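> Please work out how this folds:
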Amino acid sequence: MLDVRALAAGQDQAVATVGAVTLMPGARNVVPERAELFLDMRAPTDRALDHMLGGFHVRAEAAAAAQGCTVATVVRQHEPAVTFDHAVLDALRAHLGPAAPELVSWGGHDALIVAQAGVPTAMLYLASGNDGAAHSPREHTDTAVVADGIEILHRALLELTAGPSAVTVNRSAL
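A predicted model of the protein is given here:
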(Lines give C-alpha, C1' and ligand atoms only; values in the text may rest on other atoms or scores of the structure.)
Protein backbone atom coordinates (compact mmCIF):
# COMPACT_ATOMS: atom_id res chain seq x y z
CA MET A 1 0.00 0.00 0.00
CA LEU A 2 2.82 2.39 0.80
CA ASP A 3 4.39 1.89 -2.62
CA VAL A 4 1.27 2.89 -4.56
CA ARG A 5 1.78 6.64 -4.17
CA ALA A 6 5.49 6.26 -5.01
CA LEU A 7 4.56 4.53 -8.27
CA ALA A 8 2.42 7.51 -9.24
CA ALA A 9 5.08 10.00 -8.16
CA GLY A 10 7.41 8.41 -10.70
CA GLN A 11 5.07 9.31 -13.59
CA ASP A 12 4.25 12.79 -14.85
CA GLN A 13 0.80 13.94 -13.70
CA ALA A 14 -0.21 10.51 -12.40
CA VAL A 15 -2.17 9.68 -9.27
CA ALA A 16 -2.79 6.44 -7.41
CA THR A 17 -4.41 5.46 -4.18
CA VAL A 18 -5.66 2.45 -2.29
CA GLY A 19 -9.28 3.44 -1.77
CA ALA A 20 -10.40 0.46 0.28
CA VAL A 21 -8.93 -2.46 2.17
CA THR A 22 -10.83 -5.54 3.26
CA LEU A 23 -9.21 -7.94 5.73
CA MET A 24 -10.63 -11.41 6.32
CA PRO A 25 -11.73 -12.58 8.77
CA GLY A 26 -11.53 -8.98 9.96
CA ALA A 27 -11.28 -9.45 13.73
CA ARG A 28 -9.05 -7.11 15.74
CA ASN A 29 -7.04 -9.88 17.33
CA VAL A 30 -6.69 -12.28 14.36
CA VAL A 31 -3.95 -12.22 11.73
CA PRO A 32 -5.84 -11.95 8.44
CA GLU A 33 -5.68 -14.89 6.08
CA ARG A 34 -6.70 -12.70 3.16
CA ALA A 35 -6.45 -9.01 2.29
CA GLU A 36 -8.09 -7.26 -0.64
CA LEU A 37 -6.89 -3.86 -1.81
CA PHE A 38 -8.96 -1.72 -4.14
CA LEU A 39 -6.49 0.33 -6.13
CA ASP A 40 -7.21 3.30 -8.35
CA MET A 41 -4.47 4.45 -10.74
CA ARG A 42 -4.85 7.28 -13.23
CA ALA A 43 -2.39 8.72 -15.72
CA PRO A 44 -2.61 10.92 -18.81
CA THR A 45 -1.17 8.21 -21.10
CA ASP A 46 -1.71 4.48 -21.46
CA ARG A 47 2.05 3.95 -21.33
CA ALA A 48 2.34 5.67 -17.93
CA LEU A 49 -0.61 3.71 -16.58
CA ASP A 50 0.83 0.41 -17.83
CA HIS A 51 4.17 1.29 -16.24
CA MET A 52 2.52 1.99 -12.89
CA LEU A 53 0.44 -1.18 -13.00
CA GLY A 54 3.50 -3.26 -13.93
CA GLY A 55 5.43 -1.69 -11.06
CA PHE A 56 2.58 -2.52 -8.70
CA HIS A 57 2.64 -6.18 -9.77
CA VAL A 58 6.41 -6.41 -9.20
CA ARG A 59 6.26 -4.73 -5.78
CA ALA A 60 3.19 -6.69 -4.63
CA GLU A 61 4.81 -10.01 -5.63
CA ALA A 62 8.01 -9.10 -3.79
CA ALA A 63 6.13 -8.03 -0.64
CA ALA A 64 4.01 -11.19 -0.67
CA ALA A 65 7.00 -13.47 -1.24
CA ALA A 66 8.88 -11.83 1.65
CA GLN A 67 6.02 -12.83 3.97
CA GLY A 68 5.45 -16.31 2.49
CA CYS A 69 2.20 -15.22 0.84
CA THR A 70 0.83 -15.17 -2.67
CA VAL A 71 -0.81 -12.35 -4.58
CA ALA A 72 -3.40 -12.29 -7.35
CA THR A 73 -4.66 -9.24 -9.19
CA VAL A 74 -7.88 -8.60 -11.07
CA VAL A 75 -8.38 -5.52 -13.21
CA ARG A 76 -12.01 -4.55 -12.70
CA GLN A 77 -12.03 -1.53 -14.99
CA HIS A 78 -9.53 -0.16 -17.47
CA GLU A 79 -10.23 2.92 -19.52
CA PRO A 80 -7.70 3.96 -22.14
CA ALA A 81 -6.44 7.53 -21.93
CA VAL A 82 -8.50 10.02 -23.92
CA THR A 83 -7.07 13.13 -25.51
CA PHE A 84 -9.49 16.00 -25.77
CA ASP A 85 -10.18 17.60 -29.15
CA HIS A 86 -7.57 20.20 -30.14
CA ALA A 87 -10.05 22.53 -31.88
CA VAL A 88 -12.32 22.60 -28.83
CA LEU A 89 -9.35 23.13 -26.50
CA ASP A 90 -8.02 25.94 -28.72
CA ALA A 91 -11.43 27.64 -28.70
CA LEU A 92 -11.52 27.53 -24.90
CA ARG A 93 -7.90 28.68 -24.59
CA ALA A 94 -8.63 31.68 -26.82
CA HIS A 95 -11.09 32.95 -24.22
CA LEU A 96 -9.16 32.04 -21.08
CA GLY A 97 -5.91 33.92 -21.53
CA PRO A 98 -2.31 32.73 -21.30
CA ALA A 99 -2.25 32.39 -17.50
CA ALA A 100 -4.98 29.74 -17.41
CA PRO A 101 -3.57 26.39 -16.27
CA GLU A 102 -4.22 23.25 -18.27
CA LEU A 103 -5.33 20.34 -16.13
CA VAL A 104 -5.56 16.61 -16.65
CA SER A 105 -8.99 15.20 -15.86
CA TRP A 106 -8.81 12.18 -13.57
CA GLY A 107 -12.45 11.41 -13.07
CA GLY A 108 -14.71 9.16 -15.07
CA HIS A 109 -16.59 12.19 -16.35
CA ASP A 110 -19.29 12.04 -18.99
CA ALA A 111 -16.73 13.77 -21.21
CA LEU A 112 -14.76 10.50 -21.34
CA ILE A 113 -17.73 8.63 -22.77
CA VAL A 114 -18.58 11.44 -25.19
CA ALA A 115 -14.97 11.62 -26.46
CA GLN A 116 -14.81 7.82 -26.84
CA ALA A 117 -17.94 8.07 -29.03
CA GLY A 118 -16.09 10.34 -31.45
CA VAL A 119 -17.66 13.64 -30.40
CA PRO A 120 -15.17 16.55 -30.20
CA THR A 121 -14.84 17.09 -26.46
CA ALA A 122 -13.01 19.15 -23.86
CA MET A 123 -13.72 20.29 -20.32
CA LEU A 124 -13.62 23.67 -18.64
CA TYR A 125 -12.86 23.55 -14.94
CA LEU A 126 -14.06 26.38 -12.72
CA ALA A 127 -12.18 27.45 -9.62
CA SER A 128 -13.73 26.12 -6.45
CA GLY A 129 -13.33 27.83 -3.11
CA ASN A 130 -12.43 26.03 0.09
CA ASP A 131 -8.98 24.99 -1.15
CA GLY A 132 -10.43 23.31 -4.22
CA ALA A 133 -12.51 20.80 -2.25
CA ALA A 134 -14.37 18.60 -4.73
CA HIS A 135 -17.05 15.96 -4.24
CA SER A 136 -17.38 17.16 -0.68
CA PRO A 137 -19.90 19.18 1.33
CA ARG A 138 -17.16 21.85 1.47
CA GLU A 139 -17.19 22.27 -2.31
CA HIS A 140 -18.30 25.73 -3.40
CA THR A 141 -17.91 27.80 -6.56
CA ASP A 142 -18.89 31.47 -6.46
CA THR A 143 -21.75 32.56 -8.70
CA ALA A 144 -19.47 35.07 -10.46
CA VAL A 145 -17.03 32.27 -11.37
CA VAL A 146 -19.89 30.17 -12.76
CA ALA A 147 -21.14 33.16 -14.78
CA ASP A 148 -17.65 33.71 -16.22
CA GLY A 149 -17.47 30.01 -17.14
CA ILE A 150 -20.82 30.19 -18.92
CA GLU A 151 -19.66 33.22 -20.88
CA ILE A 152 -16.42 31.48 -21.91
CA LEU A 153 -18.34 28.38 -23.03
CA HIS A 154 -20.83 30.56 -24.92
CA ARG A 155 -18.08 32.37 -26.83
CA ALA A 156 -16.19 29.14 -27.58
CA LEU A 157 -19.34 27.40 -28.83
CA LEU A 158 -20.21 30.33 -31.08
CA GLU A 159 -16.70 30.20 -32.52
CA LEU A 160 -16.80 26.42 -33.00
CA THR A 161 -20.18 26.42 -34.75
CA ALA A 162 -19.60 29.41 -37.03
CA GLY A 163 -19.19 28.77 -40.73
CA PRO A 164 -17.50 26.01 -42.72
CA SER A 165 -14.62 25.62 -40.28
CA ALA A 166 -16.95 24.39 -37.55
CA VAL A 167 -15.98 21.20 -35.77
CA THR A 168 -17.60 18.15 -37.34
CA VAL A 169 -19.06 15.25 -35.41
CA ASN A 170 -18.33 11.67 -36.43
CA ARG A 171 -22.00 10.63 -36.55
CA SER A 172 -21.17 7.02 -37.43
CA ALA A 173 -19.59 6.65 -33.99
CA LEU A 174 -22.78 7.74 -32.22
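> these two touch, right, residue 115 and residue 109?
No: counting by CB atoms under 8 Å, residue 115 sits too far from residue 109 to count as a contact (9.4 Å). Any C-beta I mention is one placed from the backbone N, CA and C, and that applies to glycine too.
> neighbour-wise, which of those two wins?
Remark: of residue 115 and residue 109, residue 115 carries more neighbours, 19 against 13, as counted by other CB atoms under 10 Å.
> tell me which element the more buried one falls in.
helix 110-116 (DSSP states H and E).
> List of residues touching that helix?
79, 82-85, 105, 121-123 (CB atoms under 8 Å, 6 or more residues apart in numbering).
> filter those residues to the buried ones?
By neighbour count, with 16 or more other CB atoms under 10 Å, the contacts of helix 110-116 hold 82, 84-85, 121-123 as buried.
> Tell me the one of these nearest residue 2?
residue 82 (30.1 Å; CB to CB).
> Can I get the buried ones among the contacts of helix 110-116 in a markdown table including secondary structure and distance to residue 147?
As requested, the buried ones among the contacts of helix 110-116 are exported to a markdown table (DSSP: H, G, I helix; E, B strand; the rest coil; distance: CB to CB, whole Å):
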| residue | secondary structure | distance to residue 147 |
| --- | --- | --- |
| 82 | coil | 29 |
| 84 | coil | 24 |
| 85 | coil | 25 |
| 121 | coil | 23 |
| 122 | coil | 20 |
| 123 | coil | 18 |
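> of those residues, closest to residue 154?
residue 122 (14.7 Å).
> Could you check how far the closest one is from residue 92?
6 Å (CB to CB, to the nearest Å).
> Could you do residue 64 as well?
From residue 64 to residue 92 the distance is 46 Å (CB to CB).
> Neighbour count for the two, which is higher?
More crowded of residue 64 and residue 92, by other CB under 10 Å: residue 92, with 22 against 14.
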